[in-house]
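**Student:** coords please:
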Amino acid sequence: MLRTDQKAAIRQGFDMGFSDTRIARSVPDVNHMQVYNYRHKLQIPTNAIVNRRYDIWTELIYKGVSIGQIARMYDVTEKSIKVLLWKNRDISLVEAKAKVMKLREENQLLELGDGIPCLGDLGLPFSPIAPEDKAA
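**Tutor:** Model (predicted):
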């Protein structure tokens with residue numbers, strides 16, 4: 001019998017699109033069959049979990065999370081992510097990477113603004129040039 005905290009953790013795993021096996025490894029004192037049976041009791045089909053997984057992978061990639069980090073989180077290979085997103089979401093990771101880089105550039109430009117930024121605001125470790133530091 002699953003405890004309330006175990007059920008909550010399993011539900012969170014379903015929401016993240018984790019596989020039954022991945023959830024069972026993450027939740028203490030729970031095995032794969034308990035997760036499988038609980039998913040069926042809730043009437044959550046496998047394809048709903050898989051679609052959620054692909055949606056989350058897509059969002060994470062467009063937020064700039066590396067494929068390696070996603071692969072470790074979901075306990076899959078990087079190649080699996082690339083192939084599955086290409087086949088199921090028609091996402092080219094080369095195109096996704098280009099979009100992420102463009103978003104980062106745009107965000108940096110927005111952060112800089114039109115004026116002259118302060119070094120501290122930019123998080124740069126340089127100290128300002130003092131008048132006595134000027135070359136003769």
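**Student:** What ranges in the protein fall below the confidence cut-off?
**Tutor:** Under the criterion pLDDT under 70, the flagged ranges of the chain are 104-136.
**Student:** Now do the contacts for Val27.
**Tutor:** By C-beta atoms under 8 Å, 6 or more residues apart in numbering, the contact list for Val27 reads Gln6, Ala9, Ile10, Gly13, Val35. The C-beta positions use only the backbone N, C-alpha and C, and glycine is treated the same way.
**Student:** what comes into contact with stretch 58-73?
**Tutor:** Around stretch 58-73, the neighbours that count as contacts under C-beta under 8 Å, 6+ apart are 57, 77-78, 80-82, 85, 89, 91, 93, 96, 99-100, 103-104.
**Student:** ok, now with 7 Å
**Tutor:** Residues from elsewhere that reach stretch 58-73, judged by C-beta atoms under 7 Å, 6 or more residues apart in numbering: 57, 77-78, 81-82, 85, 89, 91, 93, 96, 99-100, 104.
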